[in-house]
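Visitor: A structural model of the following input is requested.
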Amino acid sequence: MNLLRKLRETSFSVIPLILIVILLNLTIAGVGWPSVGRFALGGLLIIVGLSFFLLGTDIGIIPVGRSIGSELINKRNLFILLGVSFIIGLFITMAEPQVQVLARQVELLAPHIPRNLLTFAIAIGVGLFVAVAFWRLIFNISYKWTMVVLYVMLTVLALLADNFFLGIAFDAGGATTGPLTVPFILALGIGVAGVRKSESSEEDSFGFVGIGAIGPVAAVLVLGIVSRFSGKDPSVLVTESHTVATYKFSAIFLETALEVLQALGPLALLLIIFQLTLLKQRRRQIIRMFEGLIYATIGLILFLVGVNGAFMPVGSAIGALIGASPLNWLLIPIGFFLGAVVVLAEPAVWVLTEQVREVTGGAVKKSFVLIFFSIGISIAVALAMVRVIWRLPLAYFLIPGYLIALILAFKSPPLFTTIAFDSGTVASGPMSSSFLLAFTLGASSANGGNPFADAFGVVALIAMTPLISLQILGLIYNKKNVISKKADQKRSST
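Guide: The predicted model follows:
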């Protein structure tokens, strides 16, 4: 049964993180056994919730996304395609819980940035750049050159914007690619690429999320430019608490249920509109669509209850205890191991790797993608801890990192380039934005730094490193294919 298989997979992802927290509690970060028990209960909720969510996306969201993509391209109307792409990106992003969480955190630390303004700017950015992703595909424009132009644009915007907005902007790019946005946009892209059936249809199936995630970064940087030239000096209010929250799971459940319904409501409405105007699916397909939405809703509620009720508060407390200790250098190796474990619990990571396996017919194994994912995220979190300890500017890491990624784009096979740029945004999901960001904020504050300047940006680093690691996987994969072909030629000639 699919649910049992997903329960097994997610258990292997979350249980190691629970074991790490137990080990830290016994050694250098004694948060207390009640907190560890709370963390374990949160982990159980995450395992069950993640399994239901993934099952729901498989049977309800992904098939509909593919159908919509196929029908849109069959209409052969560029304005309809781009308009619908913009609307989908806008509505899904405004409903994305991660965006709401990020906007709330920013407003708390910087009250001069209204939450609604930031949310709307991010959503506009995603909608516009999802449309750009479809425009690139329709006109068959090189993906690598598209990314070069877009990242040069981001560099110019970053130079003009107030430095205060840099971490917020790149973290916004990661926050938009959550468990709702990724499956739908990925499926939409695969549907469009599948109908076109060009020689590059495999690599065309990916890259939509990577381009779409540039939009919110650009939008927030534009806000930073407006702020800089308005003459306002951004002020930071740090109100971070490092005690483990004692809220009852029941209270968190009600609040989270409302947030999830708010998130999935617009998506369900969009699907109904598409069903009436575009898809006109059969009754059985409609039932499966709503069945998937119900599973996804239940799963996302349980998942976020576990994250908000246990993973975030315990993560912040552990980070604070290590950051305040004389052995705070241990943040770097601990961050490395946490990165490897946490990324495997990201819902969208599993969605992407399954899509890669399906599109390539199993040629690119799921396990290899996950291994290189973990390597990239481990390095990212370790670099984030380096920033916390020595209070280094985020630009010192982002500029060379993206430069290396763009150079690799001209060396790595096109399929792996598009997968890599999708993977970077996919990796920065709710687990990274909750546990790892909370861990980093706690460590930064306890280390005597400025959490807003030193901790924000961890999601940006998590979004950057897989671009490098997965393109390196592509180079290895390409080299292996060349060696295999040479061996086959020798055998056939003898």
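Visitor: Give me the pLDDT value at Tyr396.
Guide: Tyr396 carries a pLDDT score of 91 in this model.
Visitor: tell me the contacts of it?
Guide: Contact analysis of Tyr396 by C-beta atoms under 8 Å, 6 or more residues apart in numbering lists nothing. Where C-beta positions appear, they are placed from N, C-alpha and C, glycine not excepted.
Visitor: Please identify which helix or strand holds it.
Guide: helix 395-408 (DSSP states H and E).
Visitor: Equivalent analysis for Phe53, please.
Guide: helix 33-56.
Visitor: how far out from the middle of the chain is that helix?
Guide: Centroid displacement of helix 33-56 relative to its chain, using C-alpha atoms, centre = their mean, to the nearest Å, is 19 Å.
Visitor: Make 311 the starting number, not 1.
Guide: Yep, numbering from 311; the last one is helix 343-366 now.
Visitor: Run through the neighbouring helices and strands of it.
Guide: On a contact count with 3 or more C-beta pairs under 8 Å, 6 or more residues apart in numbering; DSSP states H and E, helix 343-366 meets helix 312-336, helix 593-616, helix 622-633, helix 657-669.
Visitor: Just the angle for the third one relative to helix 343-366, thanks.
Guide: Just to be clear, that refers to helix 622-633. 130 degrees (axes from the mean of the first three to the mean of the last three C-alpha atoms, to 10 degrees).
Visitor: Residues touching helix 622-633, excluding its own?
Guide: Outside helix 622-633, the residues that reach it (C-beta under 8 Å, 6+ apart) are 331, 334, 338-341, 345-346, 348-349, 352, 550-555, 638, 640-641, 644, 698, 744-746, 748-757.
Visitor: who does the very next helix or strand once past it touch, helix- and strand-wise?
Guide: Helices and strands here follow DSSP H and E; after helix 622-633, the next one along the chain is helix 641-652. Contacts defined by 3+ C-beta pairs under 8 Å, 6+ apart place helix 641-652 against helix 312-336, helix 622-633, helix 676-700, helix 747-756.
Visitor: In three-state terms, label Phe475 for me.
Guide: Three-state call for Phe475 (DSSP: H, G, I helix; E, B strand; the rest coil): helix.
Visitor: Relative to Leu467, how far out is it?
Guide: Between Phe475 and Leu467 the computed distance is 10 Å (C-beta to C-beta, to the nearest Å).
Visitor: The two: who's more crowded?
Guide: With neighbours defined as other C-beta atoms under 10 Å, Phe475 and Leu467 compare such that Phe475 has more, 26 against 19.
Visitor: That one is in contact with Val532, isn't it?
Guide: No: using C-beta atoms under 8 Å, Phe475 is not in contact with Val532; the gap is 9.3 Å.
Visitor: Tell me the helix or strand right after the lowest-mean-pLDDT helix or strand in the chain.
Guide: The helix or strand of the chain with the lowest confidence, counting by mean pLDDT, DSSP states H and E, is helix 511-514 at a mean of 59. Later in the chain than helix 511-514, the nearest helix or strand by DSSP H and E is helix 518-522.
Visitor: Low-confidence ranges, the stretch 361-510 of the chain, go.
Guide: In the predicted model, the stretch 361-510 of the chain carries pLDDT under 70 at residues 418-419, 489, 503-510.
Visitor: residue boundaries of the strands in it?
Guide: Counting by DSSP state E, counting those that start in this stretch, the stretch 361-510 of the chain forms no strands at all.
Visitor: could you pull out the helices for it?
Guide: Secondary structure of the stretch 361-510 of the chain, counting by DSSP state H, counting those that start in this stretch: helices at 372-385, 388-405, 407-419, 425-448, 453-470, 476-485, 491-506.
Visitor: by contact count, what packs against the last one?
Guide: Pointing back at helix 491-506 there. Counting by 3+ C-beta pairs under 8 Å, 6+ apart, helix 491-506 packs on helix 372-385, helix 388-405, helix 425-448, helix 511-514, helix 518-522, helix 657-669, helix 724-737.
Visitor: Which one, of the helices of the stretch 361-510 of the chain, ends up nearest to Leu581?
Guide: The minimum distance between Leu581 and the helices of the stretch 361-510 of the chain falls on helix 372-385, with 5.8 Å, by C-beta to C-beta.
Visitor: List the buried residues in the closest one.
Guide: Residues of helix 372-385 classed as buried: 372-383 (neighbour count, 16 or more other C-beta atoms under 10 Å).
Visitor: Same check on stretch 640-659?
Guide: For stretch 640-659, a neighbour-count test (16+ other C-beta under 10 Å) marks 640-642, 644-659 as buried.
Visitor: what's the answer for stretch 755-772, then?
Guide: 755-757, 759, 761-772.
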